[in-house]
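Peer 1: predicted model and sequence below, questions to follow.
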Amino acid sequence: MITFQRILWAISGHQHDIISETKVDNYRATIVGAILLMVGIYATLAWTFFFSLVMTSFITALVCGLFAGFFILLFDRALICSISYGKKNFWALSFRFALALILGVFLSQPIILKLYEPDIKREAVILIDKKNQERRSELDKLYSTEFNNLQERHRFIFSSLSEKQKQLITNEEAFKKEMDGSAGTGRWGYNTVSQKKELIYKKDLAEYEQLKKETEPEVKRIDARIDTIQALINNQLAGFEKATQDQGFLIQAEALQSLLIKDKTHTLRNRYYLLMIILTLIELSALISKLILDTKSYSKKVDYILEKEMKETAMDKEIIFSKLDTYKNLTLERERKIVEEFFEKTEATKNSKLNEIVEEWNKSTDQTYRNTWGILKNKLIIHTDQQNHEPQTKDQFINPN
């Protein structure tokens with residue numbers, strides 16, 4: 001029991017070694033942790049349910065749901081932890097409220113679809129029929145130009161054959177009536193007029209047979225292409241109908257929207273909005289409980305620990321800087337004494353060297369004052385300008401003495 005309580009404290013963002021010392025706040029932290037754990041479980045189940053509607057693999061949907069639930073749990077834990085430390089970030093809280101509202105709206109739709117599944121399916125069938133008709137119209141429109149041209153050509157060919165056939169029948173009747181004397185000249189038998197009419201009839205028959213022979217391949221090609229177009233339309237329409245029969249998520253969502261429009265009593269709409277509010281409040285339940293059950297004792301202890309650590313850090317900083325200052329002052333003092341002692345002990349040697357330089361200058365006939373000054377600076381003066389006061393001769397540079 002103690003271990004599970006510590007887990008709840010950790011989930012709620014409280015340190016168990018501090019919260020355990022408070023008698024009231026540890027109970028509040030346990031309540032907040034339990035609610036936050038339930039919110040994480042709820043978010044996992046809700047998101048798994050949503051992903052299962054749009055994914056074929058349940059394992060993949062479960063993994064995605066666990067990820068989403070874990071993210072919600074960690075984000076709420078961070079906000080609750082910041083509130084426990086007395087830092088209420090307005091923008092962070094606003095973002096959490098907005099996220100809860102969006103998730104409530106987003107997750108309420110698939111739940112409504114599941115609750116009203118029979119009604120949704122009936123409405124989806126109507127929408128699918130409309131979509132099939134729309135798809136049929138789109139396919140007919142797609143092939144309409146070619147199909148109309150083929151039919152126009154087909155009608156023209158048959159019209160030409162029909163006109164030729166009518167003319168052939170007329171000439172055949174005229175020839176027969178001329179032969180039996182029922183029309184024409186009224187003379188019976190195979191006479192001159194009947195012979196001419198026979199020639200006209202045979203000529204028309206030959207022309208008709210020739211036209212029929214010439215147009216028959218084109219008619220076959222036209223019929224074959226028309227059959228091909230019809231087959232393409234039927235196949236694409238059959239594939240579309242098969243795909244829409246599954247009633248995917250978008251079809252169901254569209255059916256839900258259609259039902260909301262048709263719902264004159266607003267029953268479905270009101271329940272839809274009520275479910276959004278409930279899901280949003282569930283998302284915010286842990287945060288709301290934390291705002292209500294404020295752990296003031298824990299906050300005071302945390303503030304005390306933070307203040308103590310800050311003062312200890314400042315004290316450590318002051319000690320280190322003080323040590324550095326002491327070390328600097330002692331080092332300067334020691335080096336100053338060394339320098340003073342050096343000058344005291346070298347005073348006699350300095351005077352002796354100065355006398356040697358002056359005496360050498362007195363003995364020399366070609367050594368200038370400037371060269372003597374350069375030798376003096378090189379030998380006896382600590383800070384010298386080597387560029388402006390060097391010996392002027394090679395011998396003096398090599399052996400300034």
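Peer 2: Yep, it's here. Residues are numbered from 1 along each chain as shown.
Peer 1: the longest helix seen in the chain: what's the following helix or strand?
Peer 2: Once the chain is assigned using DSSP state H, the helix that runs over the most residues is helix 192-244. With elements assigned by DSSP states H and E, the helix or strand that comes after helix 192-244 is helix 249-262.
Peer 1: avg pLDDT for that following helix?
Peer 2: For helix 249-262, the mean pLDDT works out to 77.
Peer 1: buried residues in it?
Peer 2: Buried positions in helix 249-262, judged by neighbour count with 16 or more other C-beta atoms under 10 Å: 251-256, 258-259. Every C-beta, even on glycine, is put in place using the N, C-alpha and C of the backbone.
Peer 1: that one - contacts with which helices or strands?
Peer 2: Packing contacts for helix 249-262, counted by 3 or more C-beta pairs under 8 Å, 6 or more residues apart in numbering; DSSP states H and E, involve helix 90-115, helix 117-142, helix 267-292.
Peer 1: swap the cut-off to 10 Å and go again
Peer 2: Applying 3 or more C-beta pairs under 10 Å, 6 or more residues apart in numbering; DSSP states H and E, we find helix 249-262 packed against helix 25-54, helix 90-115, helix 117-142, helix 267-292.
Peer 1: would you mind finding the most buried of the ones you listed?
Peer 2: Of the helices and strands packed on helix 249-262, the one with the most neighbours on average (mean count of other C-beta atoms under 10 Å) is helix 25-54, at a mean of 20.
Peer 1: which SS class is T265?
Peer 2: In terms of secondary structure, T265 is coil; the call rests on DSSP: H, G, I helix; E, B strand; the rest coil.
Peer 1: how many other residues sit next to it?
Peer 2: When neighbours are counted by other C-beta atoms under 10 Å, T265 registers 7.
Peer 1: so where's the stretch 151-300 of the chain shaky on pLDDT?
Peer 2: 175, 177-193, 244-249, 294-296, 298-299 (pLDDT under 70).
Peer 1: tell me the phi and psi of T365?
Peer 2: phi -100, psi -20 (degrees, to the nearest 10).
Peer 1: what about L332, how many neighbours?
Peer 2: 10.
Peer 1: which helix or which strand is home to it?
Peer 2: L332 belongs to helix 296-345, assigned by DSSP H and E.
Peer 1: what residues does whichever helix or strand comes after that helix touch?
Peer 2: Following helix 296-345 in sequence order, the next helix or strand is helix 347-363 (DSSP H and E). Counting contacts by C-beta atoms under 10 Å, 6 or more residues apart in numbering, the residues outside helix 347-363 that touch it are 343, 346, 367-369, 371-373, 375-376, 379-380, 400-401.
Peer 1: got the domain boundaries for the chain?
Peer 2: 2-126+265-306, 133-250 (automatic domain parsing).
Peer 1: next, the angle from the longest helix of the chain to helix 249-262.
Peer 2: 90 degrees (axes from the mean of the first three to the mean of the last three C-alpha atoms, to 10 degrees).
Peer 1: ok, K23 - contacts?
Peer 2: S297.
Peer 1: so it, which state does it fall into?
Peer 2: Going by three-state DSSP: K23 is coil.
Peer 1: and it, how far from Y304?
Peer 2: 17 Å (C-beta to C-beta, to the nearest Å).
Peer 1: dump the helices and strands packed on helix 249-262 to JSON lines, plus distance to G69.
Peer 2: JSON lines is the format used below for those (distance: least, C-beta to C-beta, whole Å):
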{"stretch": "helix 25-54", "distance to G69": "3"}
{"stretch": "helix 90-115", "distance to G69": "11"}
{"stretch": "helix 117-142", "distance to G69": "25"}
{"stretch": "helix 267-292", "distance to G69": "11"}
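Peer 1: tell me which of those lies nearest to I233.
Peer 2: I233 lies closest, by C-beta to C-beta, to one member of the helices and strands packed on helix 249-262: helix 117-142, at 4.6 Å.
Peer 1: and the closest one, what does it pack onto?
Peer 2: helix 90-115, helix 192-244, helix 249-262.
Peer 1: what's the closest of those to R136?
Peer 2: Closest to R136 of the helices and strands packed on helix 117-142 is helix 192-244 (C-beta to C-beta; 5.8 Å).
Peer 1: that closest one vs helix 117-142, what angle?
Peer 2: Computed by the same axes, to 10 degrees, the angle between helix 192-244 and helix 117-142 is 140 degrees.
Peer 1: so where's the stretch 301-401 of the chain uncertain?
Peer 2: For the stretch 301-401 of the chain (pLDDT under 70), the answer is 383-401.
Peer 1: which helices and strands does the helix holding L332 pack with?
Peer 2: Using 3+ C-beta pairs under 10 Å, 6+ apart: helix 296-345 touches helix 16-19, helix 25-54, helix 58-84.
Peer 1: give the buried residues for the last one.
Peer 2: It stands for helix 58-84. Buried, per 16+ other C-beta under 10 Å, within helix 58-84: 61-62, 64-65, 68-69, 72-73, 76-77, 79-80, 83-84.
Peer 1: could you check the angle helix 296-345 makes with it?
Peer 2: Using the same axes, to 10 degrees, helix 58-84 lies at 70 degrees relative to helix 296-345.
Peer 1: and helix 58-84, what does it pack against?
Peer 2: helix 2-11, helix 25-54, helix 90-115, helix 267-292, helix 296-345.
Peer 1: dump these into JSON lines; add distance to I128 as well.
Peer 2: JSON lines is the format used below for those (distance: least, C-beta to C-beta, whole Å):
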{"stretch": "helix 2-11", "distance to I128": "47"}
{"stretch": "helix 25-54", "distance to I128": "18"}
{"stretch": "helix 90-115", "distance to I128": "16"}
{"stretch": "helix 267-292", "distance to I128": "20"}
{"stretch": "helix 296-345", "distance to I128": "59"}
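Peer 1: show me what contacts the closest residue to I233 other than its chain neighbours?
Peer 2: The spatially closest residue to I233, leaving aside those adjacent along the chain, is L139, at 4.6 Å (C-beta to C-beta, 6 or more residues apart in numbering). In this structure, L139 makes contact with 229, 232-237, 240, judged by C-beta under 10 Å, 6+ apart.
Peer 1: give the PyMOL command for selecting the buried subset of the contacts of helix 347-363.
Peer 2: Per 16+ other C-beta under 10 Å, the buried members of the contacts of helix 347-363 correspond to this PyMOL selection:
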select buried, resi 367+371+372+375+376+400
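Peer 1: and the contacts of helix 347-363, which two are furthest apart?
Peer 2: F343 and T368, at 29.5 Å, using C-beta to C-beta across these.
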